[in-house]
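Asker: After the sequence you'll find the predicted model.
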Amino acid sequence: MSDAFFTLPCRLVLPVPQRDRLERLCRARNQDINDVVSEIVLAFLDDLPDSELAEPRPEAEGPSVAEQLRQHQRELRRLRQRQQQLGPAAPPWLANYVTDLEREIDLLWRQQQDAGA
(Lines give C-alpha, C1' and ligand atoms only; values in the text may rest on other atoms or scores of the structure.)
Protein backbone atom coordinates (compact mmCIF):
# COMPACT_ATOMS: atom_id res chain seq x y z
CA MET A 1 0.00 0.00 0.00
CA SER A 2 1.25 3.51 -0.81
CA ASP A 3 2.42 5.99 1.82
CA ALA A 4 -0.49 8.22 0.78
CA PHE A 5 -2.98 5.65 2.10
CA PHE A 6 -3.63 4.23 5.53
CA THR A 7 -5.57 1.29 6.88
CA LEU A 8 -8.59 2.03 9.02
CA PRO A 9 -9.83 -1.05 10.85
CA CYS A 10 -13.57 -0.84 11.39
CA ARG A 11 -16.74 -2.89 11.54
CA LEU A 12 -19.21 -2.38 8.73
CA VAL A 13 -22.83 -2.94 9.82
CA LEU A 14 -25.24 -3.41 6.93
CA PRO A 15 -28.80 -4.68 6.63
CA VAL A 16 -29.03 -8.05 4.89
CA PRO A 17 -30.15 -6.64 1.50
CA GLN A 18 -27.19 -4.21 1.32
CA ARG A 19 -24.76 -6.86 2.53
CA ASP A 20 -26.00 -9.12 -0.28
CA ARG A 21 -25.60 -6.33 -2.85
CA LEU A 22 -22.06 -5.62 -1.61
CA GLU A 23 -21.13 -9.29 -1.82
CA ARG A 24 -22.56 -9.49 -5.38
CA LEU A 25 -20.68 -6.34 -6.37
CA CYS A 26 -17.41 -7.86 -5.11
CA ARG A 27 -18.04 -11.03 -7.11
CA ALA A 28 -19.03 -9.10 -10.25
CA ARG A 29 -15.85 -7.02 -10.09
CA ASN A 30 -13.76 -9.94 -8.89
CA GLN A 31 -12.42 -7.69 -6.11
CA ASP A 32 -11.83 -8.12 -2.41
CA ILE A 33 -14.39 -6.47 -0.11
CA ASN A 34 -11.66 -4.17 1.28
CA ASP A 35 -10.97 -2.75 -2.18
CA VAL A 36 -14.65 -2.27 -3.02
CA VAL A 37 -15.48 -0.58 0.29
CA SER A 38 -12.40 1.65 -0.08
CA GLU A 39 -13.61 2.75 -3.53
CA ILE A 40 -17.11 3.46 -2.18
CA VAL A 41 -15.80 5.53 0.73
CA LEU A 42 -13.35 7.37 -1.51
CA ALA A 43 -16.10 8.29 -3.99
CA PHE A 44 -18.40 9.40 -1.15
CA LEU A 45 -15.74 11.62 0.41
CA ASP A 46 -14.74 13.11 -2.94
CA ASP A 47 -18.37 14.13 -3.55
CA LEU A 48 -18.88 15.50 -0.04
CA PRO A 49 -18.93 19.31 0.04
CA ASP A 50 -16.40 21.01 2.32
CA SER A 51 -19.28 22.77 4.11
CA GLU A 52 -20.21 19.43 5.71
CA LEU A 53 -16.72 18.92 7.15
CA ALA A 54 -15.26 20.20 10.40
CA GLU A 55 -12.28 22.52 10.28
CA PRO A 56 -8.93 20.69 9.97
CA ARG A 57 -7.14 20.06 13.24
CA PRO A 58 -4.11 22.28 13.74
CA GLU A 59 -0.74 20.62 13.32
CA ALA A 60 0.62 19.48 16.64
CA GLU A 61 3.84 21.26 17.43
CA GLY A 62 6.72 19.28 18.83
CA PRO A 63 8.95 20.47 21.63
CA SER A 64 10.97 23.60 20.98
CA VAL A 65 14.69 23.41 20.33
CA ALA A 66 15.29 24.70 23.86
CA GLU A 67 13.07 21.98 25.34
CA GLN A 68 14.74 19.29 23.22
CA LEU A 69 18.10 20.56 24.40
CA ARG A 70 17.01 20.36 28.07
CA GLN A 71 15.62 16.84 27.57
CA HIS A 72 18.80 15.63 25.89
CA GLN A 73 20.99 17.20 28.56
CA ARG A 74 18.96 15.49 31.33
CA GLU A 75 19.25 12.18 29.50
CA LEU A 76 22.99 12.67 29.02
CA ARG A 77 23.50 13.37 32.75
CA ARG A 78 21.51 10.25 33.62
CA LEU A 79 23.49 8.08 31.20
CA ARG A 80 26.87 9.41 32.32
CA GLN A 81 25.92 8.68 35.92
CA ARG A 82 24.92 5.15 34.93
CA GLN A 83 28.18 4.76 33.01
CA GLN A 84 30.17 5.78 36.10
CA GLN A 85 28.19 3.41 38.31
CA LEU A 86 28.87 0.47 36.02
CA GLY A 87 32.49 1.37 35.42
CA PRO A 88 34.30 -1.19 33.23
CA ALA A 89 31.19 -3.38 33.24
CA ALA A 90 29.24 -0.75 31.26
CA PRO A 91 28.01 -2.18 27.96
CA PRO A 92 29.71 -0.78 24.82
CA TRP A 93 26.41 0.52 23.43
CA LEU A 94 26.15 2.90 26.39
CA ALA A 95 29.32 4.75 25.34
CA ASN A 96 28.01 4.94 21.76
CA TYR A 97 24.67 6.29 22.98
CA VAL A 98 26.41 8.93 25.10
CA THR A 99 28.49 9.98 22.08
CA ASP A 100 25.36 10.20 19.90
CA LEU A 101 23.59 12.32 22.52
CA GLU A 102 26.59 14.64 22.80
CA ARG A 103 26.50 15.14 19.02
CA GLU A 104 22.75 15.78 19.08
CA ILE A 105 23.14 18.29 21.92
CA ASP A 106 25.84 20.08 19.95
CA LEU A 107 23.56 20.29 16.90
CA LEU A 108 20.64 21.55 18.97
CA TRP A 109 22.85 24.11 20.70
CA ARG A 110 23.97 25.41 17.28
CA GLN A 111 20.35 25.56 16.09
CA GLN A 112 19.44 27.55 19.17
CA GLN A 113 22.36 29.94 18.63
CA ASP A 114 21.50 30.39 14.93
CA ALA A 115 17.86 31.08 15.77
CA GLY A 116 18.88 33.72 18.31
CA ALA A 117 21.29 35.46 15.92
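Answerer: Okay, I see it. Numbering: from 1, shown residues only.
Asker: Next up, identify which helix or strand the spatially closest residue to Ile33 that is not a sequence neighbour is on.
Answerer: Spatial nearest neighbour of Ile33, chain neighbours left out: Cys26 (5.3 Å); criterion: Cβ to Cβ, 6 or more residues apart in numbering. (Glycine included, C-beta is placed from N, CA and C.) Element membership for Cys26 (DSSP states H and E) is helix 16-29.
Asker: hmm, who's touching that helix?
Answerer: Leu14, Asp32, Ile33, Val36, Val37 (Cβ atoms under 8 Å, 6 or more residues apart in numbering).
Asker: what are the phi and psi angles of the last one?
Answerer: Meaning Val37. phi -60, psi -40 (degrees, to the nearest 10).
Asker: wait, what's in contact with it?
Answerer: Leu12, Leu22.
Asker: same deal with the third one?
Answerer: Residues counted as contacts of Ile33 (Cβ under 8 Å, 6+ apart) are Leu22, Glu23, Cys26.
Asker: Can you select the buried ones among those for me in ChimeraX?
Answerer: To isolate the buried ones among the contacts of Ile33 in ChimeraX, judged by 16 or more other Cβ atoms under 10 Å, type:
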select :22,26
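Asker: could the contacts of Ile33 be laid out in TSV, adding distance to Leu53?
Answerer: Shown next, in TSV, are the contacts of Ile33 (distance: Cβ to Cβ, whole Å):
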residue	distance to Leu53
Leu22	25
Glu23	31
Cys26	29
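Asker: Same list, the contacts of Ile33, but as TSV with distance to Ala89 and pLDDT please.
Answerer: TSV is the format used below for those (distance: Cβ to Cβ, whole Å; pLDDT from 0 to 100):
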residue	distance to Ala89	pLDDT
Leu22	63	95
Glu23	64	95
Cys26	61	95
